[in-house]
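K.L.:
3D, please:
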Amino acid sequence: MTKDLSIIIASYNTASLTISCLKNLYASFKKYPGISFEVIIVDNGSSDKTVAMIENFRKKNKNIIFVKNKKNLGYSKANNQGLKRASGEFVLFLNSDVLVKKGDWLQLLAILRKNEKIGALTPRINLKNGQIDLASHRGFPTLWRSFCYFSGLEKIFWSFPLLNRVFGGYHLAHLDFNKVHEVEAISGAFFLVKKHILDKLGGFDERFFMYGEDLDLCWRIKELNYKIIYYPHFLVIHLKYQSGLGKNDDKIRKRTKYYFYQAMKLFYQKHYQKRYPFFINFLVNALLNYFLQSYEKNRN
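P.N.:
I've put the predicted structure just below:
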């Protein structure tokens with residue numbers, strides 16, 4: 001039987017965060033008994049108490065499908081495993097470190113139902129400090145936008161009208177974060193999308209192990225001429241970097257950086273390389289290969 005919403009959560013060594021996410025999620029739906037939903041959790045071979053804690057949570061809560069991988073298959077593969085089991089009209093990819101703060105679930109789904117041209121949606125995603133998680137509000141990373149971001153030009157001109165449009169395209173700095181508007185790319189932290197679109201696209205590109213898969217999916221949704229909407233009237237909190245760059249383990253941080261640069265290289269080669277001359281491609285690939293080689297020994 002088709003449900004309104006399938007919520008897919010990939011977990012990896014974030015036991016307490018995952019349970020907090022689940023408790024918060026179920027509490028947020030208590031006001032909306034008319035919404036039929038299922039939660040599909042895919043664990044990527046966690047070595048902490050994640051599996052045991054989720055199994056215990058399942059005993060007290062309905063509509064949970066639990067997939068247990070023996071090893072870490074990566075973010076994209078885990079979410080695609082969940083997608084194969086999803087029966088919802090809509091699919092929400094939700095990070096295990098995201099908490100729903102406020103908002104109307106009925107209104108969120110209604111936006112997608114009433115607008116055929118809207119393919120995906122994200123709410124306002126804040127960090128713990130109350131600032132917006134800029135990864136959830138992005139333009140596609142062209143060479144110019146990437147240069148402006150990594151060089152600091154975006155930050156310098158962020159508050160200057162017109163100039164922030166030129167130098168702040170990486171995070172669409174010229175747009176008003178308090179108003180509903182179209183964006184180019186959103187984050188996998190809270191990625192709400194129509195299932196028929198995912199079925200057509202085949203979900204995430206599994207070559208992206210970690211990072212970049214959300215950008216790539218947004219690119220392909222746009223290629224189908226659907227809009228992606230930023231909707232700030234629904235708010236979630238992202239407790240970011242709990243299983244990657246924020247870890248105290250230096251090896252984990254370096255391995256995470258390897259996957260980040262690997263994703264950058266794959267995205268560039270897949271979507272941009274054909275647009276630029278050989279010399280530019282040579283320089284970009286040489287730079288990315290330099291970073292990859294710096295972190296390669298830590299990838300396993």
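
K.L.:
Where does Lys31 sit: helix, strand or coil?
P.N.:
coil (DSSP: H, G, I helix; E, B strand; the rest coil).

K.L.:
Tell me how far it lies from Pro232.
P.N.:
Taking Cβ to Cβ, to the nearest Å as the measure, Lys31 falls 20 Å from Pro232. Quick note: C-beta positions are derived from backbone N, CA and C, even for glycine.

K.L.:
When those two are compared, which one has more neighbours?
P.N.:
Neighbour count, other Cβ atoms under 10 Å: between Lys31 and Pro232, Pro232 has more, with 18 against 11.

K.L.:
Phi first, then psi, for that one.
P.N.:
Phi and psi for Pro232, reported as degrees, to the nearest 10, are phi -80, psi 0.

K.L.:
likewise Ala173?
P.N.:
As for Ala173, its main-chain torsions (degrees, to the nearest 10) stand at phi -60, psi -20.

K.L.:
Against Leu283, how distant is the closest residue to it other than its chain neighbours?
P.N.:
Of all residues not flanking Ala173 in the chain, Asn164 sits nearest, at 4.2 Å (Cβ to Cβ, 6 or more residues apart in numbering). Between Asn164 and Leu283 the distance is 27 Å, computed by Cβ to Cβ.

K.L.:
neighbour-wise, which of those two wins?
P.N.:
Asn164 (19 against 12).

K.L.:
for whatever helix or strand the more buried one lives in, packing partners?
P.N.:
Assigned by DSSP states H and E, Asn164 falls within helix 163-167. If contacts are counted by 3 or more Cβ pairs under 8 Å, 6 or more residues apart in numbering; DSSP states H and E, helix 163-167 sits against helix 153-156.

K.L.:
Against which helices or strands is the helix it packs on packed?
P.N.:
helix 163-167.

K.L.:
how far is the helix it packs on from where the chain is centred?
P.N.:
Distance of helix 163-167 from its chain centroid, counting by Cα atoms, centre = their mean, to the nearest Å, is 25 Å.

K.L.:
what residues does the following helix or strand past it touch?
P.N.:
Counting by DSSP H and E, the next helix or strand C-terminal to helix 163-167 is strand 181-183. For strand 181-183, the external contacting residues (Cβ atoms under 8 Å, 6 or more residues apart in numbering) are Thr122, His137, Arg138, Gly139, Leu172, Leu175, Lys227, Ile228, Ile229, Tyr230.

K.L.:
quick one: which of these is most hemmed in?
P.N.:
When neighbours are counted by other Cβ under 10 Å, Thr122 leads the contacts of strand 181-183 with 27 neighbours.
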